[in-house]
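[1] Below are the sequence and a predicted model for it; my questions follow.
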Amino acid sequence: MMLTLKQLLGARRWSLIPVPSLRQLDQAEGDTSPFLGTFCCKAGTSSKLQPSTLLDLTDLTLPHKWYPSARSKKRLIVLHVGPTNSGKTFKALQRLQLCSSGVYCGPLRLLAWEVAERLNKSNTACSLITGQERREVDGARHKAMTVEMADISREYECGVIDEIQMIGCQERGFSFTRALLGLAVNELHLCGDPAVVPLIQDIIATTGDSLQVQHYSRLSPLVPLSRPLKAYSNVKRGDCIIAFSRREIFSIKKKIEAEGKFKCAVVYGSLPPEARTRQAEQFNDSSSGYDILVASDAIGMGLNLNIRRIVFSTLEKFDGTRFRPLDVMQIKQIAGRAGRYGSSFQKGEVTCLDLYDLPRLHNSIAAPSVPIKAAGLFPSLDQLALYSSVHSSRTFATILEVARLLDEFPMSIKDRFLFCICPIDLDNQVVTGALLKFATEYCKYGGVSLGTSLSSSSTQIPRTQGALVELESLNKVFDLYIWLSFRLEDAFVDRDSAITQKELCGILIEAGLKMVGSKKTKNVQIKRQASGFNTREKSQANLGGFSVDKDIGDLLESKKNKNETWKESCIFEDDVESSRLNLSIQELDYYERKDCKKAQGPSQLWTPKWVS
Ligand SMILES: Nc1ncnc2c1ncn2[C@@H]1O[C@H](COP(=O)(O)OP(=O)(O)OP(=O)(O)O)[C@@H](O)[C@H]1O
């Protein structure tokens, strides 16, 4: 979930999800979520929270207030910025080591592992905590972890967040934001690209912490070569070939090893962490016989590998939907792995496999960083639980169930979250089917028109309970469509039509409520009973297969003037019996204005194919 600067710091409205009516929380009592329970215990308060505190903790537009422990401190934030291989992390880690307790948060398991190794070797006991493993070291007051595991539950003297520019990452940025806002430390060191400076300055202005910015320059040169590699037979010891799929990585490894000169280590994201670590170690160990590394961008951040030359096999990466060019930051990050200060190679080189890619590589290396404008943001599980607790119709279990249903759909986090909190009755197969249909079309075509999602068929006043249930389901489907259309306006474009259909559906349901269980009806008509609506003439209009008598009475006009509830009586007539239906005057006006003029009018409801 991306929060723009304006949203975070200015308007403070999180427009991407419906912020709950948080004022409802005034009535909330007790430990409504584990998060709040923990907070109450820590704060030494009773189990009942002050409404104002509760509001702050759950206000999705005030993310810095989600972390009361961190906010109780006035932290010193030191932002170390510079190009790759400029010693930013080195400096921050030096400080971490000197402090009595500390936490390192990095974007990769390998980085956390590297830091834990380094601290333990220099007699600073350090535990390693990642999503996949916990290596507790006896008596350790330091921890190295992946940023997703950042420990915001305890106080530390010092914290380090590495590669802080990833705060702008669509998928993982929210974990960096959480660590930045939530680490309860006296001093916090952030290491990253200069592109992040304005954003961090703005965010820290909201927390009340103090900020120092320290700039760095590269410690050893990085030279973009004027010649491409051309063929894998030209690789040399210390080369690292970059590719972006597992299949491609192994294909390159095979080609290189087929020459019989070198053995290749491989590192890629989906490789189990232990295997990744061993491969990196083998490549770094000059006596291992693994002289070439074939790797994905999993090596792109922070890792200190013994690389002489980076060779991009391509400058495009498949993002799950299509091939996208690597951005400047990605190219710089990956290229920056060559010639690390203190490694076997005092100068780094970078090139491409093909001549075609070379100009873009050179331009990217020379390009200045583009400022990062937005930080990732996502509510915690506890906040989601609390959110659902104030929306009785939307339990947390339901959100998880919808998430499970949508698991296979290739959606962004933002879209997935929206679909998860949409109003849906999971017990209703028609509505669930509609949700899946909408999600399918949304993912496939980027747009969902009512026409293509739903088939057209004439609909009559339901005369059986089964027909009524079907219509109620249809009503919910339109509800769902309308809800989504307000949030994904560019994709759900048939909102007006859905509103019309939903209203007609409502009329039919109301009519059906009168009919179901009574005598059978045929050729039903809606007729306005009252007379004297003097602004309109008596006329017939086609309304969903009914005819509407528009003879409106003075009585209604006077009611309207008195601002009373605009209800009028309408008569459903058929050749067997009449029955009454309350219909708002606005509803009738609406159909007169919008639909009865249309050639076809709303004489048909779209009915989902799966209803019939
Ligand atoms: N003052 C120093 N003395 C000895 N070695 C250093 C010093 N500064 C940095 N190094 C070494 O240089 C290499 C690069 O440093 P570091 O990882 O801190 O750079 P960085 O700017 O954080 O790079 P990146 O942005 O790519 O992560 C590391 O191997 C580090 O140990």
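    Received it, and whenever you're ready, just let me know what you need.

[2] where does this structure come near the ligand, residue by residue?
    82, 84-90, 191, 219, 302, 304, 336, 340-342 (Cβ under 6 Å from any ligand atom). C-beta: built from backbone N, CA, C; applies to glycine.

[3] try 5 Å
    Proximity of the chain to the ligand is confined to 84-90, 302, 304, 336, 340-342 under the rule Cβ under 5 Å from any ligand atom.

[4] Can I get these in CSV including neighbour count, pLDDT and secondary structure?
    Shown next, in CSV, are those (neighbours: other Cβ atoms under 10 Å; pLDDT from 0 to 100; DSSP: H, G, I helix; E, B strand; the rest coil):
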residue, neighbour count, pLDDT, secondary structure
84, 21, 90, coil
85, 27, 91, coil
86, 20, 94, coil
87, 17, 94, coil
88, 26, 96, helix
89, 24, 95, helix
90, 17, 94, helix
302, 24, 61, coil
304, 19, 72, coil
336, 25, 92, coil
340, 20, 91, coil
341, 15, 90, coil
342, 11, 86, coil
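
[5] Out of the residues you listed, flag the one nearest to residue 441.
    residue 302 (40.8 Å; Cβ to Cβ).

[6] Find the nearest non-adjacent residue to the residue in the stretch 201-350 of the chain positioned nearest to the ligand, please.
    The nearest approach of the stretch 201-350 of the chain to the ligand comes at residue 341, 3.3 Å away (Cβ to the nearest ligand atom). Excluding its sequence neighbours, the residue lying closest to residue 341 (Cβ to Cβ, 6 or more residues apart in numbering) is residue 219, at 3.8 Å.

[7] Name the spans of the stretch 451-600 of the chain whose pLDDT lies under the cut-off.
    452-459, 514-600 (pLDDT under 70).

[8] Surely residue 130 and residue 146 touch.
    Yes: the pair residue 130 and residue 146 passes the contact test of Cβ atoms under 8 Å, sitting 4.7 Å apart.

[9] The two: who's more crowded?
    residue 146 (24 against 21; other Cβ atoms under 10 Å).

[10] so what's the more buried one bridging to?
    residue 106 (DSSP bridges).

[11] tell me the pLDDT at it?
    pLDDT recorded at residue 146 is 91.

[12] Specify the helix with the largest residue count in this protein.
    helix 465-487 (DSSP state H).

[13] following the helix or strand that contains residue 70, which helix or strand shows up next?
    Using DSSP states H and E, residue 70 falls within helix 68-71. Scanning forward in sequence from helix 68-71, with DSSP H and E defining helices and strands, the next element found is strand 76-81.

[14] Point out the other helices and strands that that following strand packs with.
    helix 88-98, strand 184-192, helix 197-207, strand 210-215 (3 or more Cβ pairs under 8 Å, 6 or more residues apart in numbering; DSSP states H and E).

[15] Just the endpoints, please. Distance across stretch 479-495?
    End-to-end distance of stretch 479-495 (Cα to Cα, to the nearest Å): 10 Å.

[16] What are the buried residues along it?
    For stretch 479-495, a neighbour-count test (16 or more other Cβ atoms under 10 Å) marks 479-485, 487-488, 491-492, 494-495 as buried.

[17] Show residues contacting that stretch.
    16, 18, 415, 418-419, 422-424, 431, 434-435, 438, 442, 446-451, 453, 498-499, 502 (Cβ atoms under 8 Å, 6 or more residues apart in numbering).

[18] So residue 446 versus residue 407, what's the distance?
    Residue 446 sits 20 Å away from residue 407 when distances are taken as Cβ to Cβ, to the nearest Å.

[19] and what of residue 318?
    From residue 318 to residue 407 the distance is 20 Å (Cβ to Cβ).

[20] quick one: which of these two has more around it?
    residue 318 (12 against 9).

[21] Distance check, that one against residue 299.
    From residue 318 to residue 299 the distance is 18 Å (Cβ to Cβ).
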